[in-house]
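1. heads up, no residue letters with this:
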């Protein structure tokens, strides 16, 4: 019996002894196994996501593949755009392919209404100018720009080449152009062209209006322009040589100079980097005028114009102020005639949801020498230039980014010949 109990005890103790002799599991092995399990789960998730993505791509239509850019079409420079100042206020979005030549168009138009207490004029609607801007690069550095106007008259429409020039951009410090351009004699004449949508107001200031005689609006010749190394001051210059005024001094000498004397113009202005929107500058213009029809004794007149401007082009507020002095000297008796003109304009774009509204006010003043034969003699195309004191109160409402309504009340007083005139003026101007 004791032998049986011994056998049973041995049989029960042997398995326990065997398990006691086995090594205990290593904790690092357990961690490795857990990491393997996690990796297997992640691999299964990634495989499922890739399968879903491939099924969705096969079900969707294939997207068109953009063509590779042509080797002779690099990113365009601003050579052509710089001549078209309108591009500064409404830049064209998108990448334009470079081809030589590559013609681009832009148009402007306006429709006007006027009503005044001047009995010599009639109220009603008037078709404004239809303007076409055309530009094209000819190479990396050479570009052309043209501006054509279609103006309504009593007998139809007049077509005029307002600007046509070719320009070579050597670098930022030297750009040379040849052709017909707006005389860089003051700020307004180079910032706002024939497309009236560009400017805040309906009409230009009297001192630089189209068809006026106080200052030459157009100039035919050559013009050098560019930046002057000046750091944060931001100096820039314009220097031009050309035909200047024609026999009708309201127009440039497009068909050739009326005498053997070249006109010249030089301007300099600063755009400080620390005051974005500020521009301060001045200009000089010299010419020898041979009026047609000739005056008694057939005199010529030495003309010297000096001007200055200060502008703040931000819209909250916008401020423009300019002054010009015109001196004419009779070549026969050396008599001098001095005339002055100036304007100041302020506008403010309303904040918030009222930002489409932009009220403005402009004051104009001129003191014209009454004995100056070039201003006091009327012609078939240009009236007498008179003293002026005027105020313009108006508002601009931008219908879209490319069209605007404008409404103005003007109070104008001229010397002797014309009485005080009050008027209401409306305009719809647009660009496309």
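-> Alright, I've got the coordinates. Bear in mind the structure is a predicted one, so any value in this text is a computation, not a measurement. Residues are numbered from 1 along each chain as shown.
2. any idea how far apart the tips of stretch 121-129 sit?
-> When the termini of stretch 121-129 are compared using Cα to Cα, to the nearest Å, they are 20 Å apart.
3. next, the buried residues of that stretch.
-> 128, 129 (16 or more other Cβ atoms under 10 Å). In this view, the C-beta of every residue, glycine as well, is placed from N, C-alpha and C.
4. same deal with stretch 171-183?
-> So stretch 171-183, judged by 16+ other Cβ under 10 Å, has buried residues 175, 177, 179, 180, 181, 182, 183.
5. read off the pLDDT value for the first one.
-> Each residue has a pLDDT score; the one for residue 175 is 98.
6. quickly find the element holding it.
-> Element membership of residue 175 [criterion: DSSP states H and E] is strand 174-182.
7. select the longest strand from the chain.
-> The residue-count maximum for a strand in the chain (DSSP state E) belongs to strand 156-171.
8. next, the angle from that one to strand 174-182.
-> Using axes from the mean of the first three to the mean of the last three Cα atoms, to 10 degrees, the inter-axis angle of strand 156-171 relative to strand 174-182 is 170 degrees.
9. quick one: mean pLDDT for strand 156-171?
-> 95.
10. show me what that strand is packed against.
-> helix 79-83, strand 142-153, strand 174-182, strand 218-228 (3 or more Cβ pairs under 8 Å, 6 or more residues apart in numbering; DSSP states H and E).
11. can I get the ones you listed in a markdown table with distance to residue 320?
-> Below are the helices and strands packed on strand 156-171 laid out as a markdown table (distance: least, Cβ to Cβ, whole Å):
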| stretch | distance to residue 320 |
| --- | --- |
| helix 79-83 | 21 |
| strand 142-153 | 22 |
| strand 174-182 | 16 |
| strand 218-228 | 21 |
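12. rank the ones you listed by pLDDT, which is bottom?
-> helix 79-83 (a mean of 43).
13. so, low pLDDT: which residues of the stretch 301-432 of the chain?
-> Across the stretch 301-432 of the chain, residues meeting the criterion (pLDDT under 70) sit at 379-382, 416-418.
14. quick one, strands of it?
-> 301-312, 318-330, 336-347, 357-367, 388-400, 403-414, 421-431 (DSSP state E, counting those that start in this stretch).
15. save those as TSV, and put in distance to residue 292 too.
-> Formatted as TSV, the strands of the stretch 301-432 of the chain follow (distance: least, Cβ to Cβ, whole Å):
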stretch	distance to residue 292
strand 301-312	12
strand 318-330	16
strand 336-347	19
strand 357-367	25
strand 388-400	26
strand 403-414	26
strand 421-431	31
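16. coming back round to it: wait, which of the helices and strands packed on strand 156-171 is closest to residue 127?
-> Minimum separation from residue 127 across the helices and strands packed on strand 156-171 (Cβ to Cβ) falls at strand 142-153, 4.0 Å.
17. got the angle between that closest one and strand 156-171?
-> Relative orientation of strand 142-153 and strand 156-171, computed by the same axes, to 10 degrees: 160 degrees.
18. thinking again about what came up before, out of the strands of the stretch 301-432 of the chain, nearest to residue 197?
-> Counting by Cβ to Cβ, residue 197 lies closest to strand 421-431 out of the strands of the stretch 301-432 of the chain; the figure is 4.0 Å.
19. adjacent strands (with direction) for that closest one?
-> Strand 421-431 has the following strand partners under DSSP bridges: strand 104-116 (antiparallel), strand 403-414 (antiparallel).
20. residue 191: which of those is closest?
-> Nearest of the strands paired with strand 421-431 to residue 191, taken as Cβ to Cβ: strand 104-116 at 14.6 Å.
21. you'd agree residue 329 is up against residue 336?
-> Yes. If you go by Cβ atoms under 8 Å, residue 329 and residue 336 touch, sitting 5.0 Å apart.
22. of the two, who's got more company?
-> Set residue 329 next to residue 336 and count neighbours by other Cβ atoms under 10 Å: residue 329 wins out with 17 against 14.
23. report the beta-bridge partners for that one.
-> Here residue 329 sits in beta bridges with residue 302, residue 336, going by DSSP bridges.
24. quick one, what contacts it?
-> 301, 302, 335, 336, 337 (Cβ atoms under 8 Å, 6 or more residues apart in numbering).
25. do the same with residue 347
-> 200, 315, 317, 318, 319, 358, 359, 360, 361, 396.
26. buried ones among the residues you listed?
-> So, of these, 200, 318, 319, 358, 360, 396 end up buried under the neighbour-count rule (16+ other Cβ under 10 Å).
27. need the max-distance pair from those.
-> Pairwise across the buried ones among the contacts of residue 347, and taking Cβ to Cβ, the largest span is found between 319 and 396, at 15.4 Å.
28. nearest to residue 354, of the contacts of residue 329?
-> The closest of the contacts of residue 329, once distances to residue 354 are taken by Cβ to Cβ, is residue 337, at 47.8 Å.
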